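Undergrad: sequence unavailable; structure follows:
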């Protein structure tokens, strides 16, 4: 099902404060002055989400050199995030949005269809936010295998 995004490039990114993998807590305002990549994904340790996370992991050195902060966001618990990170040796932080506030504020929570079944879930969408909190790029349809390269190119153009 097509998702109608409520945020557009050029909009101010909605603020948030949430739990992180490893037991921390972070807010968007903590990251002021740095580019931020928020990649929303449906579920830890599923095929597409694993490909996407491992693609970012495999390009980690390039992401670090870009100066951008990268965060995966799903409604999974911190405990599930920690297992996912350990299993695939992910070097970046995952944000837990169990209350579904961030996915709703960013407009990525909506109807989905899988094998004829309709349900509510997180759509795979990525936002690139500049150091002043403005959304500079949105990827509404992410191809997990190519995504890391696409994001790195956009960061370089900031």
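TA: Cool, the structure landed. All values derive from a computational prediction rather than experimental measurement.
Undergrad: residue contacts, the residue sitting nearest the centre point of the chain?
TA: Residue closest to the mean C-alpha point of the chain, counted by C-alpha atoms, centre = their mean, is residue 39 at 1.6 Å. Counting by C-beta atoms under 8 Å, 6 or more residues apart in numbering, residue 39 touches 52, 56, 70-73, 124-127, 142, 147, 151. Placement of C-beta: from N, CA and C, glycine included.
Undergrad: try it again at 7 Å.
TA: By C-beta atoms under 7 Å, 6 or more residues apart in numbering, the contact list for residue 39 reads 52, 72-73, 126.
Undergrad: any chance of the residues you listed in JSON lines, with pLDDT, secondary structure and neighbour count too?
TA: As requested, the contacts of residue 39 are exported to JSON lines (pLDDT from 0 to 100; DSSP: H, G, I helix; E, B strand; the rest coil; neighbours: other C-beta atoms under 10 Å):
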{"residue": "52", "pLDDT": "95", "secondary structure": "helix", "neighbour count": "23"}
{"residue": "72", "pLDDT": "98", "secondary structure": "strand", "neighbour count": "25"}
{"residue": "73", "pLDDT": "98", "secondary structure": "strand", "neighbour count": "25"}
{"residue": "126", "pLDDT": "97", "secondary structure": "strand", "neighbour count": "24"}
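Undergrad: which of the residues you listed sits closest to residue 30?
TA: residue 73 (14.9 Å; C-beta to C-beta).
Undergrad: would you map the strands across this structure?
TA: For the chain, the strands defined by DSSP state E occupy 17-20, 25-27, 36-40, 69-74, 93-96, 109-114, 117-122, 125-129, 135-139.
Undergrad: of all these, which lies closest to residue 10?
TA: Taking C-beta to C-beta, strand 135-139 is the member of the strands of the chain nearest to residue 10, at 6.7 Å.
Undergrad: ok so, going back, next, give me the two most distant ones among the contacts of residue 39.
TA: 52 and 73, at 12.0 Å, using C-beta to C-beta across these.
Undergrad: distance to residue 11 for the strands of the chain - can I get that in CSV?
TA: As requested, those are arranged in CSV below (distance: least, C-beta to C-beta, whole Å):
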stretch, distance to residue 11
strand 17-20, 19
strand 25-27, 18
strand 36-40, 13
strand 69-74, 17
strand 93-96, 20
strand 109-114, 17
strand 117-122, 20
strand 125-129, 10
strand 135-139, 5
